[in-house]
Structure formats: C-alpha cells, structure tokens
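In: The sequence and its predicted three-dimensional model are supplied below.
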Amino acid sequence: MTGLDRRRLLRLAGTTGLGAGALAACASGAEGDPIASGPVTLDLWTHDPGYVTYFTSAATDPAITGDSAWKYSIATTSTSPADVVSRTINQAVAQRPLPNLTGLVIDQFPRVMRSGIAENLFVDLTDVAARFGDGLLKTQPYTVDGRVYAIESDNSISVMWYRADRFADLGIPEDVATWEDLLAIGAEIAADTGEAIGMVSNGDNGAIVNGFTQMLLQRGGSLYDASGELAVLSEESVEVLALMAEGVRTGALLSIADPYGSAAAAAIKDGRLIGTVMPNWYKVYGLEANAPDQAGLWRARTIPRFASGGHIASTLGGTAFAVLKDQAETDAALDFLERAYLTPEGQLARYGFGGYLPTLVDLYDAPEFQEITDPFLGDQRVFEVYAAAANDMPLFYQAADASLLRDSLGGPILRAVNGEIDPEAALREGLRAYERQVAE
C-alpha cells in the first residue's frame, strides 16, 4: 500500500488479537491495472446480511447501475464489526488482498483514525461529499483531519417511540413539549402503574455511554468537538446526567441492562415499557421483533426538547462504507458506492431493502418517502416525523481514543444515574481515568 507506515500499522494491528496464524490464512493476490469499464467483481466486507442483500441487488438494478461503464457483481465476506476492521488492517500490513468496499460500524471507525490508517487505506471522499454540501448528513463521524473517508448507510435518527393506546388511557399528551414535563408525568405514571416512559442502561460501558451520548447530542452537547478535542465536561453533560438520574429515581425511566436484549424485550412485551427514545432501526429490531402482537399500537414522534435548548432529534449507531484505494477495482467501487448510496434511486432502494433512512436530507420531503405508511405504527406516515427530525439533527464527532473514553466514563455515569455520585463529579472522575490511559 503506497505510503503505508507498515511498522506503525503492524503495532496497531497487534492489538486486534489476530496474529500470524490469521494472516497466513489469508490468500495472496496481485493488483493489476485499473479496470476502466466492463465486468468487475467487487469484494464487499460487512457484518450485516442486510447490506449483502442490498448491494447484491443494487449491482444489477438498472435504475442504479444501468448506465454505468462497469457491469457489477458482488462477492461478500461476513464477519463481526470488530473483525471487519481488524482483518482490513492486518491484510494491509501483510500486503495481502483487501476488500474493495468495507463496512465500518460507527464505534469501530475510531480505530482507523490514528497513525494515518484511514488516509493510507481508503479513498478520500471529501470532494464527493462536498458536492452535496449540508444536504449530505452524518459525514462528521467518519472524518479524519477534515477529510471524509466513508459514507453513512443509515441516518439512524433517534425519535420517541410510544404506545399510543397506553398514552391515551393514561392521559399522556402525545405532544408533550419538554423532557422535564414528560418526566414529571412519567413519575406519576410510574407511581400509579409501574409503567415507564423511557429507559436507560445499567449494563456494559458501551450501552451506558451510548444512552448518555444519545441524550447529550440531543441537548446540544458532545463528547468531542469538531477538532477532536474533549467536550465532555459541559453544562449540557451535567444537565443530561442529572435528568437521567431523576428519571431513574422516580421510575419514569426504566433502568435496564441491555436495551437491545432480553430484559428490554420482556419489558416491552409485558407493557412495563410504553415509550423509549431510540433510532429508526429499533422499531424493527427492538419493537417489531419482540412484540409483534403490539402492531398498530405504537407511534413515533420527535423527541421532546430540553427546556434549556437543544434539538428534537438525536442519533445512535450507524455503518459507513469506505472504498479501498490503489486497487484495480477502485474506480469501479467508487462509482458503485456513489450510485448505491448517493442517488435518489439508490437511497429509495436502500430503504426498501432494510429500512435504511436517507442521508440526503432533501429526500425526506420527496413524495416517494412522504407517502410511506407503516402498519406497525398504525399506518402512520412516519416520514413526516423523520423529516422534521432530519432537519434538526445534531452533529456527532469522534476521535481516535473514543473507545478509551467510553470505558472510562461508563462506571462513573452509571453511579451518577443511580444517585450514588454527583453528575459533575462523575464526569470528572471518568475524565481523570481517561487521561491516565491516554498518557500511558
């Protein structure tokens, strides 16, 4: 790989847990001259079978690739999100074949933000993204030193999902304006019925910090600023953590180990959880999967604002695709990604295959999306909600040491949520632990 600092990259790759045996198992191959047109097979690495299905279909969809200079076919490799990154790095270190397109889960992307890894492995997509200006959402998490290296698959818009039947029975207005008002109502409901209008995690560090970050972004705060500097210790962070603790104390927010696992599923099924703020994908994987008998009872709305400011939406999760550089198929892979991910036809098809929300903000008001009704949501025109949210999305920045920050903050945040420590003291404690690890 041209310009790749092999020694530095090898040291980093050593932390992935894939040693010489894994490298030896990879087949070798040679790069040829650029393929300018005609048949081309693109190797795709991803963790999600939904992307396999979509990309395989898009390759032969005339509306997406019909006028391309290339005729595409897709070869796929499926593995875990962490292994996608590990194998890509290790293959580059060993100078073995790389994928043409690789899917980077958002919390794995910081692993390529150091030591020039993204710059050396991936095509710089900054100029591609710049053509859309502010109309292309969620490029910030995949930006290194001001350059964009991957394109998001799903806007992962967080909205509020709620049981319309229970809200009506309990007299909860569907248009409660602020978090403060909603939690006050939720405290009364919890005392009377044991039902909760939201949840927070008390499980692993990832789930704990993800939940905090989702609310922090909505409030207008962030873990990092645009330059990659820490922004955790802020009035917004303290306010969010205090509000979470108050919600747990009163029972308005259900404290649960895994928002995506069996405990949450049970709470949804038995009606203890009648509302939650989660991204669009949670409707399929959290609500529909666990409570199909509740079809027609749930609705979506934008998130109540904080009384002191912020947004009506947030975000959590995501997967972006990068194009590997300096390969015979690089030009073809870039053309394919643009067609599949940055055209109206591609974004509409992507939603149809996996419910992946558009990243082109103008599409939220297009009739093709506005006219979509959702049976699980009582035939609600859900893009009316998504459109309002997409136009008020917070920005999300990352840095190379994001995983260290997550592990450092998880414990103190949980203690603050449980009322065992002051919110500001918890954040300072987490930052001290983070700074010690970064300094090592």
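Out: Cool, got the structure.
In: now the residue positioned nearest the centre of the chain: how far from L357?
Out: When CA atoms, centre = their mean is applied to the chain, the residue found nearest the centroid is G317 (1.7 Å). To L357, G317 is 11 Å away according to CB to CB, to the nearest Å. Backbone N, C-alpha and C define where each C-beta goes, glycine included.
In: picking up where we left off before, does the residue nearest to the centre of the chain count as helix, strand or coil?
Out: coil (DSSP: H, G, I helix; E, B strand; the rest coil).
In: OK, contacts around it?
Out: 105-106, 154, 156, 210, 279, 281 (CB atoms under 8 Å, 6 or more residues apart in numbering).
In: Of those residues, which pair is most distant in space?
Out: By the measure CB to CB, D154 and N210 form the most distant pair in these, at 15.6 Å.
In: between those two, who's got more neighbours?
Out: The residue with more neighbours, out of D154 and N210, is D154; 24 against 18, by other CB atoms under 10 Å.
In: Mind pulling up the pLDDT for the more buried one?
Out: Note on D154: pLDDT of 94.
In: excluding its backbone neighbours, what's nearest it?
Out: Among residues not flanking D154 along the chain, Y356 sits closest, at 4.1 Å (CB to CB, 6 or more residues apart in numbering).
In: pretty sure the one you found contacts L348?
Out: No: using CB atoms under 8 Å, Y356 is not in contact with L348; the gap is 10.4 Å.
In: Comparing those two, which residue is more hemmed in?
Out: Higher neighbour count among Y356 and L348: Y356, with 24 against 17, using other CB under 10 Å.
In: do you know how far the more buried one is from E152?
Out: With CB to CB as the criterion, Y356 and E152 are 9 Å apart.
In: do P412 as well
Out: 30 Å.
In: helix, strand or coil for N155?
Out: Secondary structure for N155, judged by three-state DSSP, is coil.
In: Surely it and T359 touch.
Out: Yes: with contacts counted by CB under 8 Å, N155 reaches T359, the gap being 5.4 Å.
In: Name the residues contacting each of these two.
Out: With CB under 8 Å, 6+ apart, N155 and T359 have common neighbours 137-138.
In: Show me the strands in the stretch 251-400 of the chain, by range?
Out: Ranges of strands in the stretch 251-400 of the chain, per DSSP state E, counting those that start in this stretch, are 253-256, 275-279, 298-301, 314-315, 319-323.
In: Quick one, which of those gets closest to Y224.
Out: The nearest among the strands of the stretch 251-400 of the chain, by CB to CB, is strand 314-315 at 14.5 Å.
In: For the closest one, enumerate the helices and strands it packs against.
Out: strand 157-163, helix 205-219 (3 or more CB pairs under 8 Å, 6 or more residues apart in numbering; DSSP states H and E).
In: Other residues contacting that strand?
Out: 138, 155-158, 214-215, 217-218, 277, 279, 303, 393-394, 396.
In: wait, E368 sits on L348?
Out: Yes: counting by CB under 8 Å, E368 does reach L348; the two are 5.5 Å apart.
In: Pull up the distance across stretch 393-403, start to finish.
Out: For stretch 393-403, the first-to-last residue distance is 23 Å (CA to CA, to the nearest Å).
In: How far away from the center of its chain is that stretch?
Out: 11 Å (CA atoms, centre = their mean, to the nearest Å).
In: What residues of that stretch count as buried?
Out: Across stretch 393-403, burial judged by 16 or more other CB atoms under 10 Å covers 393-402.
In: would CSV of those residues with distance to R339 be doable?
Out: CSV is the format used below for the buried residues of stretch 393-403 (distance: CB to CB, whole Å):
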residue, distance to R339
M393, 24
P394, 29
L395, 27
F396, 26
Y397, 28
Q398, 27
A399, 32
A400, 31
D401, 35
A402, 31
